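Participant: Okay, here's the prediction I keep looking at, along with the sequence it came from:
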Amino acid sequence: MMILDCFDQNKTWVLKKKMDFVVGIEFGFKEMPVGGAALDLMGVPLPEETLLAAKQSDAVLLGAIGGYKWDKNQKHFKPETGLLQLREGLKVFANLRPACVLPQLVDASTLKKEVAEGVDLMVVRELSGGIYFGKPRGFGTNENGDEIGFNTEVYATYEIDRIARVAFETARKRGRKLCSVDKANVLEASMLWRQRVMAISSEYPDIELSHMYVDNAAMQLVRNPKQFDTIITNNIFGDILSDEASMITGSIGMLPSASLGEAGPGLFEPIHGSAPDIAGQDKANPLATVLSAAMLLKYGLGEEKASQRIETAVLDTLNRGFRTGDIYSEGNKLVGCKDMGEEVLKSINPKIPAAV
Ligand SMILES: NC(=O)c1ccc[n+]([C@@H]2O[C@H](COP(=O)([O-])OP(=O)(O)OC[C@H]3O[C@@H](n4cnc5c(N)ncnc54)[C@H](O)[C@@H]3O)[C@@H](O)[C@H]2O)c1
Ligand SMILES: CC(C)[C@H](C(=O)O)[C@@H](O)C(=O)O
Ligand SMILES: [Mg+2]
């Protein structure tokens, strides 16, 4: 397994020992820099060594990238470019972003209890195509001499077909309802998207397929999120809608993700960013990352039991009333990032020594 970004050998050792304790499996860990850490150390956001090590791992756990320090860098020297290069390099095209309102956190949702309660949806986001990677893109000058910036939303049939199959398979393991979100009333790439999703649906007669324009979907997510089971959408809409869905669950600090390809290691990361506004204050909610490790065990290593142990521990920690600020509601115990992590460990195995 490989850990990216939090470039501190001592921390990795601690994490390794804890993971070994937690799931009873001996992990081999390798820590490599990406994003800002890599820029500072090696001058590029994704060093070749990091990509190679990632490719040679069984699974990759990624800490969030980005920060004010690098915001004004040119595109090639942005932390975000490192992340996109990593996704591209690992060929992970299917990004699973589950959003569940846990009974313990209904009060943390910004939506009314009756709207939020019981929400359990999965966003299947296409991750390696669309406007993020489409060409042409760049900067230029138009006929009036005005500076322009441009990107291209482009999807090929095979890209839509393979993500559609992942989404139908995902829906089959869930509530057998798939909603495809697009902008087929305006965008050609979305028109093809809708056509292909409909074509692939003939392979899945047991799945109820519906289509929704993205503007409506953004509205429906806060109007009646329980209508959704599995959502399939393109790269950019998935980015936006999953952040929106996260707030239904109480906080973006709760949402993990799994990015999978046809073969090779998966990439596991919280959906949130580096939260620079609260960096260094011990305030961040670690649960999205902890739950990403659970997804890594399940989807990346096939260790379902171990994955469940982590998920159960998170629920137990919440049952015992521990909350970081983002999910805090009256009557609970407010803790920082570190203490929240320690409480999860205690829930997994009370015998884990704090110093390990
Ligand atoms: N996958 C990634 O690594 C990833 C994802 C999104 C953004 N980013 C990068 O992160 C940086 C900041 O971006 P942003 O501010 O738009 O998004 P962000 O997700 O970092 O933060 C958005 C808001 O959510 C809060 N938040 C995020 N994670 C939290 C957590 N675990 N606990 C509590 N609160 C949390 C932040 O404090 C902030 O108010 C940018 O450089 C961006 O490019 C990286
Ligand atoms: C940081 C950025 C490149 C990334 C994305 O847009 O995919 C992030 O927002 C995410 O959701 O993982
Ligand atoms: Mg995002």
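Facilitator: All right, it came through fine. Numbering: from 1, shown residues only. Ligands and ions are numbered 1, 2, ... in the order given.

Participant: so how many other residues sit close to whichever residue of the stretch 101-250 of the chain sits closest to ligand 1?
Facilitator: For the stretch 101-250 of the chain, the residue closest to ligand 1 is Asp243, as judged by C-beta to the nearest ligand atom, at 7.4 Å. Placement of C-beta: from N, CA and C, glycine included. Neighbours of Asp243 under the rule other C-beta atoms under 10 Å: 16.

Participant: mean confidence score for the helix or strand containing it?
Facilitator: Assigned by DSSP states H and E, Asp243 belongs to helix 235-248. Averaged across helix 235-248, pLDDT comes to 98.

Participant: Next: stretch 165-177.
Facilitator: In the prediction, stretch 165-177 has an average pLDDT of 98.

Participant: who's in contact with that stretch?
Facilitator: 94, 96, 122, 124, 178, 180, 200-201, 203-204, 206-208, 210, 228-230, 232, 260 (C-beta atoms under 8 Å, 6 or more residues apart in numbering).

Participant: Got a PyMOL select line for the buried ones in the residues you listed?
Facilitator: Burial among those is assessed by 16 or more other C-beta atoms under 10 Å; the matching PyMOL selection reads:
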select buried, resi 94+96+122+124+178+180+200+201+204+207+228+229+230+232+260
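
Participant: Out of the contacts of stretch 165-177, which sit inside helices?
Facilitator: Among the contacts of stretch 165-177, the ones falling in helices (DSSP state H) are 200-201.

Participant: Taking the stretch 51-200 of the chain, what residue is nearest to ligand 1?
Facilitator: Nearest residue of the stretch 51-200 of the chain to ligand 1, counting by C-beta to the nearest ligand atom: Gly66, 2.2 Å away.

Participant: Am I right that that residue is in a helix?
Facilitator: No - counting by DSSP: H, G, I helix; E, B strand; the rest coil, Gly66 is not found in a helix; it is coil.

Participant: Provide a list of residues in contact with it.
Facilitator: 35-36, 79-80, 273-274, 276.

Participant: The helix holding Asp243 - contacts with which helices or strands?
Facilitator: strand 94-100, strand 120-126, strand 177-182, helix 214-223 (3 or more C-beta pairs under 8 Å, 6 or more residues apart in numbering; DSSP states H and E).

Participant: Make JSON lines out of these and add distance to ligand 1.
Facilitator: Formatted as JSON lines, those follow (distance: least, C-beta to the nearest ligand atom, whole Å):
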{"stretch": "strand 94-100", "distance to ligand 1": "10"}
{"stretch": "strand 120-126", "distance to ligand 1": "12"}
{"stretch": "strand 177-182", "distance to ligand 1": "20"}
{"stretch": "helix 214-223", "distance to ligand 1": "17"}
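
Participant: What's the local residue count around the residue nearest to Asp215 when sequence neighbours are not counted?
Facilitator: In space, and not counting its chain neighbours, Asp215 is closest to Lys183: 7.7 Å by C-beta to C-beta, 6 or more residues apart in numbering. Around Lys183 there are 20 other residues, counting by other C-beta under 10 Å.

Participant: Verify the contact between Lys183 and Met212 for me.
Facilitator: No - using C-beta atoms under 8 Å, Lys183 makes no contact with Met212, being 10.2 Å away.

Participant: what residues does the chain put near ligand 1?
Facilitator: 64-67, 80, 83, 251-253, 269, 272-278, 284-285, 288, 326 (C-beta under 6 Å from any ligand atom).

Participant: filter the residues you listed by proximity to ligand 2?
Facilitator: Okay, of those touching ligand 2 (C-beta under 6 Å from any ligand atom), that's 66, 80, 83, 273.

Participant: Roughly how far does the first one sit from Gln85?
Facilitator: Meaning Gly66. 14 Å (C-beta to C-beta, to the nearest Å).

Participant: How about Ala275?
Facilitator: Counting by C-beta to C-beta, the gap from Ala275 to Gln85 is 22 Å.
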